[in-house]
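> whatever this is, show me its structure:
(chains A and B)
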Amino acid sequence: MGLAGPNERRRAAAAWALPALIVAVAVGRAGTATPVAGSRPVDEATRRAIFVSMAAEERKMRRDAAKDFPADPWSQDDAFHNLEYKRAKSMAGERGISIADVLRAEDEGMRGHWPRPANAWLNPSVPPCRPRPIH
Amino acid sequence: MPASPDSLKKDDAKPAPRASFAVTLVQAIAILARSAARTPLRLGGFAALALVTTWPLLSTAGSLNGYRDSHPLVQYEESARRSIVEFGQLPMWDPYYCGGMDGLGTPQSRYVSPTFLLTLLFGDLRAEPIVAFLMIFLGLEGAYRYARSYKASALGAAFAAPLFALSGLFAVAPALGWYNFFGFELLPWAAFGLRRAMAGRRWGIVIAAGALAWMVGFGGTYPAPLAGLFCAFEAIAGLIERRRDRSALLVALRMAALTGALALGLAAIRLWPVAQTLQMAQRIIGGTPGLGPTSIVRALLGRIHPDDRGDFPVAGTFLVGGFAAVAVAAGIVVPRARQLVVVGALTLWLAAGYAANVSLFAAMKELPFYSTLRYPERFLTLFALAASAVAALGVTRLQVFARTRTLGAYGLTLGVGFLLANLGPLVGNHYAAARGRPMTAPPPSLAQEFHQARGTRWALAYYGPMGRGCLSCYDAYPVPQSPLLRGDLEAEEYFADPTNGTVRRVSWSPNRIELDVDAARPGRLLVNSNWHPGWRSNVGDVVNDKGLLAIDLPAGKQAVTLRFAPRSTLGGALVSVAALLALIALVARGRSKAPPPGAREALACATLPVIPFALVLGLVHEPPIPRAELKTPLDDDIVAAALPPGATTLNARFEGGITLVAARLSTPRPAPESTLTVELDWKIDPGVDPKLGIFVHLVPSAGEDLRADHVMLSDVLEIERAPTGVILRDQAQVTIPYDAGGKSWTVYAGLWRVRGNGKRIAVIDQGSAPVEPPKKPEPNAKPSNTENRVQVGTFSVPFTGPP
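Here you go, the predicted model:
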């Protein structure tokens, strides 16, 4: 078998260009896709109002979570955080804001000791992670 | 008689004279066969197929998949990127989750992989779909080469490759955010490399060890262990095949062992930290999962339909496709496929889990590392690879028939045509799964000083970009996490005694914290972060304060620098580099035709990574990982010399060497929403049955039972690891429901094989335990519900008004 001539080399290079081009298309598509649009961040007054709403509901959410997992502190807490997440999502939907703002309001309120409803009960800690051996 | 690929190529080009339509078909297929054999054309075809398959993912790049499992995996990857891009540090300590963890030691992080370069370039949310595209592309070529190593024709190998590389798991994985499952796409490379290595080819070791180490680096608890098992099948089959040729057998054995040693060495950068993490936090998996034959068929042949919660019922989640049946059926009878058929059958058996009458999965879980696997159905991915190679051999056989028989030409057309048609359901499955993703806007970034938030792990991906850690935590293992972490601290670094002085944060980054400290007297400084033995300080002593990172400091003004430099990372990195050097030395010594390494060379290569391992282990010191304190939730000693006061003696003896000596309840009248402690006092015999669990049922006079089942005594000590012949206090704390008032309750306890077949352990002597009154059988009651459980106490909850 002899050495490849310039035409064959060109053909070979052209053949390799096919997969390279397709990889480039994939990278280009991912690089230029438009993500889902987010909402504008809300002001502090709105975040304070959000914090009050979330704080007011924590006790009930924890009660419900405790009923699902009466003997497992981590599972209780995790079930509460699931309810908290769902509530944050629905509150974001109701107010037309990003869920990130609801989460931020909770964090700021807890750390900044913002005013909260009289009967609100906020636990700033979590029990250590203990996944259940059986789901 | 099986045909060689060479004869097939000739034959594809020159079909024998026969009916003109058949000739046309064979000629058309011959063109496809020639294209498949040309590497650039084949790769172009595979890339195009991967592009079409992942188009819905690529088109939504940059958005966040809101599915719950997507959050931690996005977080792990983004945290690593942030370490490099924002702080100029190697990603080691991940402060953004659970109060901080060793990023390399958490089994699900996937940044020790070439794909991390894409994350660095584009950010994780844009990189993820590109990773899916590239891994599918790699998987297609890997499956092709694996089938070729069984002497399948280029045509068969190319057309059968999608059965594996596009199979259902790879459709589900991005929809659920499980990107580390794309590590499975490297499985055929590992198996192909091992086959070549055992045939004496040095590059085979590089390919197999590289693929296996990549899988480990890419994270997840399934791809690497399952690939290891698949490679073990390959190795055993390869040795059996060479059993009559002693010298070939020895070479194969040596090469397989060297491959394993270098794969472990190369992966040490992840394996060592992961091993350390799992040593600190043992993963206990129970249950008896299994798939019946119908479910297996639906998984392999059905179509994906996400449910309302965004989860995927089993149908289509391991799709191989029914149209592959012709090629697979033709392949099964090929003698070379015998080994693949056996592997396929074994993987189906494993996938059946505990649903099989004799469970191979249960037997496999007796192996040390495999005991932590939960989902047997994932073995269907290994089945997909075996099926793909068998189908490739089937097409090869049909090509042989097509040479001489008109009917063979039609058979070949049918086999190839159906494999082409099979692309429809395979690609469609990816589209259906992609449509099920709840895509949302990417988390907004907020530049602010880092601190821990309580957070919710269900929305984890939002916290890191806000400069917040999320204490709410879940992973598949009990992440070492301090109960003292808080989400409401004014400062993250503070004196345990606030009157001792001042602490000012000078700078913060994931692996390094600089503080200005002024201490009036020697004292303990606490950091709102989990402790890990890899944390070091330039002043004072780093200590573990109930899981919290702390430093015991001398008095005076001082600049304190805390840095995370764990021995496991340093040692793992050096071992990986040594293994890489050994691999380079192996292939640099000779070209592709070089003979396999002799015993001395193989030993030298395998030993090289051991040297840094031993050196680091001997020279770099770290505090030992503390053993769990043997304390109950109420801070009593678990091991007691005598029964606690007020306990009721029961002496109920169970099969397997365990006795419930006594029990007590903390109060006979707990109020709603208060905590009731149920204490069970056990005594175990030497050689007690392992892997037992303790069930506790609280049965009310009306309404639903409460359960306080658990695996470890007082949530700390496994039964089989407990000292024998002493009283072992096992406390479970139960929150009395807010609406439990006005009911009386009976508490029962017993044992069951939580990490085995799930059956209860028989009570062989009830001692003085009250016997449960016989119940009238209810039509739908499970007959076993009241079996082998001992009544341990009663209580009543006072009615305190409506909840």
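
> please, which helix or strand holds B:Thr347?
helix B:338-351 (DSSP states H and E).

> which residue, other than its chain neighbours, is closest to residue 111?
Picked chain A for this. Spatially, and ignoring its direct neighbours in sequence, A:Arg111 is nearest to B:Asp488 (5.3 Å; CB to CB, 6 or more residues apart in numbering or on different chains). To be clear about C-beta, it is placed using only N, CA and C from the backbone, and glycine gets the same treatment.

> actually, chain B is the one I wanted.
B:Ala80 (4.1 Å).

> hang on, the earlier thing: buried ones in the helix holding B:Thr347?
B:339-341, B:343-344, B:346-351 (16 or more other CB atoms under 10 Å in any protein chain shown).

> and the longest helix seen in chain B, which residues are buried?
In chain B, assigned by DSSP state H, the helix with the most residues is helix B:406-435. The neighbour-count check on helix B:406-435 (16+ other CB under 10 Å) flags B:406, B:408-413, B:415-419, B:422-423, B:425-434 as buried.

> can you check the pLDDT for B:Leu373?
On the pLDDT scale, B:Leu373 is placed at 87.

> quick one: low-confidence parts of the chain?
As the question left the chain open, I've gone with chain A. Within chain A, the ranges that satisfy pLDDT under 70 run A:1-4, A:135.

> that's the other chain; I wanted chain B
Counting by pLDDT under 70, chain B shows low-confidence ranges at B:1-19, B:589-592, B:771-786, B:801-803.

> number of residues surrounding the residue nearest to A:Arg111?
Neighbour count for B:Asp488, taken as other CB atoms under 10 Å in any protein chain shown: 18.

> please apply the same query to the one 3 residues further on.
The criterion is other CB under 10 Å. On that basis, B:Ala491 has 11 neighbouring residues.

> what's the answer for B:Glu601, then?
Around B:Glu601 there are 17 residues (other CB under 10 Å).

> which residues does the closest residue to B:Asn757 other than its chain neighbours contact?
Leaving aside its sequence neighbours, B:Asn757 sits nearest to B:Thr288 (CB to CB, 6+ apart; 5.9 Å). By CB atoms under 8 Å, 6 or more residues apart in numbering or on different chains, B:Thr288 lies in contact with B:353-354, B:756-758.

> if we can go back for a sec, how far is whichever helix or strand comes after the helix holding B:Thr347 from where the chain is centred?
Going down the chain from helix B:338-351, the next helix or strand is helix B:360-364, by DSSP H and E. Computed by CA atoms, centre = their mean, to the nearest Å, the chain-centroid distance of helix B:360-364 equals 17 Å.

> got the buried residues for whatever helix or strand comes next after helix B:360-364?
Counting by DSSP H and E, the element after helix B:360-364 in chain order, helix or strand, is helix B:380-404. Neighbour counts over helix B:380-404 (16+ other CB under 10 Å) mark B:380-403 as buried.

> sticking with the spatially closest residue to B:Val390 that is not a sequence neighbour, tell me its helix or strand.
Spatial nearest neighbour of B:Val390, excluding adjacent residues (CB to CB, 6+ apart): B:Gly331 at 3.9 Å. Element membership for B:Gly331 (DSSP H and E) is helix B:325-332.

> quick one, that helix and helix B:406-435 angle?
120 degrees (axes from the mean of the first three to the mean of the last three CA atoms, to 10 degrees).

> quick check, the longest helix of chain B touching chain A?
No. Figure legend: helix B:406-435 not in contact with chain A (CB under 8 Å from any CB of the partner chain); closest approach 12.9 Å.

> that helix: what's the following helix or strand?
Trace forward from helix B:406-435 with DSSP H and E and the next one is strand B:439-440.

> packing partners for that following strand?
In terms of contacts (3 or more CB pairs under 8 Å, 6 or more residues apart in numbering or on different chains; DSSP states H and E), strand B:439-440 is packed against strand B:64-65.

> before we move on, the earlier item: wait, what's in contact with the residue nearest to B:Val390?
For B:Gly331, the contact set (CB under 8 Å, 6+ apart) comprises B:337, B:340, B:389-397.

> appreciated, that's everything.
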